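Asker: Task: produce atomic coordinates for the following.
(chains A and B)
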Amino acid sequence: MNLKRIGKKYRYIDHLSDIGIEFYGNKLEELFENAGVGMFSIMCDLELVEPQEKRNIKISQKDTCYEDLLVLWLERLLYLYEVDDVLFSEFKVGGIHKKGRNLVLTAEISGEKIDLNKHKIKIAIKAPTYHMLEIKRDDRYCDWKGRIIFDV
Amino acid sequence: MDYKINKINDYKWEIEKDEKYGMRVPGIIFADRQLLDHAASEKTIDQVINVATLPGILKASYAMPDIHYGYGFPIGGVAAFDEDNGVISPGGVGFDISCGVRTLRTNLNIGDIKDRLQDIMSILSFNIPRGVGSKGKIRLSKNQLMQLLKEGVDWAVRNGYGWEEDKYFVEENGYMAGANTDFVSSLAMDRGIGQIGTLGSGNHFLEIQAVDEIYDTVAAESMGLEKDQIIIMIHCGSRGFGHQVCSDYIKVMQQSVIKYGIKLADRQLACAPVSSPEGKRYYGAMACAVNYAIVNRHCLAHWVRTTFERFFGKSSEKLGLGTIYDVSHNIAKIEQHNVDGKLKKVCVHRKGATRSYPPGHKDIPDKYKSIGQPVIIPGDMGRYSYILLGTEKAMSESFGSTCHGAGRLMSRTKAKKNINGSELKKELFNKGIIVMAGSMSGLAEEAPQAYKDVTRVVDVTHYAGISKKAVRLRPLGVLKG
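Answerer: Numbering: from 1, shown residues only, chains lettered A, B, ... in the order given. Next up, the predicted model:
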């Protein structure tokens, strides 16, 4: 079975004070891409964001796990959004692999400078949290499934 | 989780210490029956229990009546840790470090402002940077930002923002000691440099309010307040700077728990001994974020003053725009408390809780020595906010702490589904409240119905004795991010 069976990249999880997402992927790389799509979908209407600005990302972290790498990845996306004023809508994770004791992620992301009149910004995300954080294999629907709660 | 709740009185409940969860102390919840049942239905009590498992926790894991489900620590949680054997946890402070409230008095009353409210709100809306992705009007170099982080209000006053005397009415006397910029990442500096003097979004707001009811005439007089008087309330925090400091140190603490052999019930509770190098570094960085938040509110207050000056054609001194008080409700502090009959230095975490120091305490301004520390409680945009006073009982019952607001009742998704932002705006307008908001869906999330009734919350703290009602305020003009 593959991602098409679920028909979506992510879904919202209701949390009393904050917002969470569950996200899916046939490959680990796709899982990370869809976590990015889910996070920026909380903030704005992604269909209105054109892929004009590109950024290359490389994250290398020693003695880490996929969950922690996910937090680093989403934090990096938030940092670039806030410092460069860019909303991102396309995420291409080139690879996630082990290099010695490190886990390395490389990606190319694209988006557009924030235009308050054009982009319907819904809410700001403060940070991804470790609360209920999970990445696991899920053979019933697709290969990979993740869950994260954001502080908003 | 299953747990045993014992009723201590109508406003205080104990969650029995249960070793199967690794609880080191019991839980104490200040609530009436209805608020307690709500907390239980949201599984918030599980989070109170999880905090009770942390090393070096003293007396109890406390929850204030505005408690609601958070991530890791509950929101409305208070926990004090032994300075020598206890821990400090970035998650116990939260991402929005020193989120808090500042109030300014005016010598205007409702009659002076009623017919011109729309105009003044429009000008405030123009002068106050706010909303998602907002950048401030203050351009800082990295060195200037470092000075600001160390000096707080003193830096701001030296650079032409606000009054010298404001600092005496800030919980930390204008800046938190122990701020060390060496422990702040360049990522936090990058995020913070452009955002000083911005309101942000979410539940943050700037409101014009009127004094609606006075419960303690002596205290109201000390604060310079009388019925129908206009005051300004500013609710915001340390913006991206604080968020990044918290993110950085939650990661550091993920390693610390392995290094120090700390078992966690939730990864977001990650912590390190207060006295460890990791604990001290976090404290130094957190204090920088506290100073950032204080200056942030201070600059916003400055623009409120300049707006009022131009609008009314009088100086802010003549308009009486002095600071009533400034509190932080997401913070960890080293304070002195009585534990088992001995005065001890402890690290008090207040996550969605406010300090509530009693009359005579050395850390409150002389002006308020006889009445106790003003505790500012922002409510929702349709009902009330309050100014309470700190009490002696808070010192013995809750490490000098009380509630911080109304507390959420409805999730954001549910609020958006059930409430229409534009209709809400109209409804409030018909009640005489002018609301200006960046987004209508954001407004719906912050609707009064999405929150508990702040009066109910405040009443619990009053009857439990951990703070005392002084003044009730009602909103007239609301500016949201």
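
Asker: Mean pLDDT per helix and strand in chain A: which one sits at the bottom?
Answerer: Ranked by mean pLDDT, DSSP states H and E, the helix or strand of chain A with the weakest confidence is helix A:3-6, at a mean of 54.

Asker: Does anything pack onto whichever helix or strand comes after it? Which helices or strands?
Answerer: Downstream of helix A:3-6, the next assigned helix or strand under DSSP states H and E is strand A:10-14. Other elements packing on strand A:10-14 under the criterion 3 or more Cβ pairs under 8 Å, 6 or more residues apart in numbering or on different chains; DSSP states H and E are strand A:19-25, helix A:28-43, helix B:412-418. All C-beta spots, glycine's among them, are computed from the backbone N, C-alpha and C.

Asker: Go again with 10 Å.
Answerer: Packing partners of strand A:10-14 (3 or more Cβ pairs under 10 Å, 6 or more residues apart in numbering or on different chains; DSSP states H and E): strand A:19-25, helix A:28-43, strand A:144-151, helix B:412-418.

Asker: can I get the CA coordinates of that strand in CSV?
Answerer: Taking Å, rounded to 0.1, in the frame of the first residue of the first chain, the C-alpha atoms of strand A:10-14 are listed here in CSV:
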residue,chain,number,x,y,z
TYR,A,10,-0.7,15.0,6.7
ARG,A,11,-3.7,15.5,9.0
TYR,A,12,-4.2,17.8,11.9
ILE,A,13,-4.4,16.4,15.4
ASP,A,14,-6.5,18.4,17.9
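
Asker: related to what we said a few turns ago, out of the helices and strands packed on strand A:10-14, which comes closest to B:Asp182?
Answerer: strand A:144-151 (26.1 Å; Cβ to Cβ).

Asker: quick one: low-confidence ranges for chain A?
Answerer: A:1-7, A:141 (pLDDT under 70).

Asker: still on that earlier bit, now the helices and strands packed on strand A:10-14 in CSV, with distance to B:Asp46?
Answerer: Listed next are those as CSV, based on distance: least, Cβ to Cβ, whole Å:
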stretch, distance to B:Asp46
strand A:19-25, 17
helix A:28-43, 25
strand A:144-151, 15
helix B:412-418, 21
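
Asker: for those, which one sits closest to B:Leu264?
Answerer: strand A:144-151 (16.0 Å).

Asker: Dump that closest one to PDB, keeping only the CA atoms.
Answerer: The C-alpha coordinates for strand A:144-151 follow below in PDB (Å, rounded to 0.1, in the frame of the first residue of the first chain):
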ATOM      1  CA  TRP A 144       6.400   5.800   7.400                       C
ATOM      2  CA  LYS A 145       4.200   7.800   9.800                       C
ATOM      3  CA  GLY A 146       5.100  10.600  12.100                       C
ATOM      4  CA  ARG A 147       3.500  12.800  14.800                       C
ATOM      5  CA  ILE A 148       4.500  16.200  16.200                       C
ATOM      6  CA  ILE A 149       2.900  18.900  18.300                       C
ATOM      7  CA  PHE A 150       3.700  22.600  17.800                       C
ATOM      8  CA  ASP A 151       3.600  25.300  20.300                       C
END
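
Asker: packing partners for it?
Answerer: Short answer (3+ Cβ pairs under 10 Å, 6+ apart): strand A:144-151 packs on strand A:10-14, strand A:19-25, helix A:28-43, helix A:66-84, strand A:127-128, strand A:134-137, strand B:61-71, helix B:239-259.

Asker: Quick one: mean pLDDT over the biggest helix by length in chain B.
Answerer: The residue-count maximum for a helix in chain B (DSSP state H) belongs to helix B:277-312. Mean per-residue pLDDT for helix B:277-312: 98.

Asker: ok and it relative to helix B:239-259, angle-wise?
Answerer: 170 degrees (axes from the mean of the first three to the mean of the last three Cα atoms, to 10 degrees).

Asker: For helix B:277-312, buried residues please.
Answerer: B:278-305, B:307-309, B:312 (16 or more other Cβ atoms under 10 Å in any protein chain shown).

Asker: same deal with stretch A:43-54?
Answerer: Quick answer for stretch A:43-54 (16+ other Cβ under 10 Å): A:43-44, A:46, A:49, A:53.
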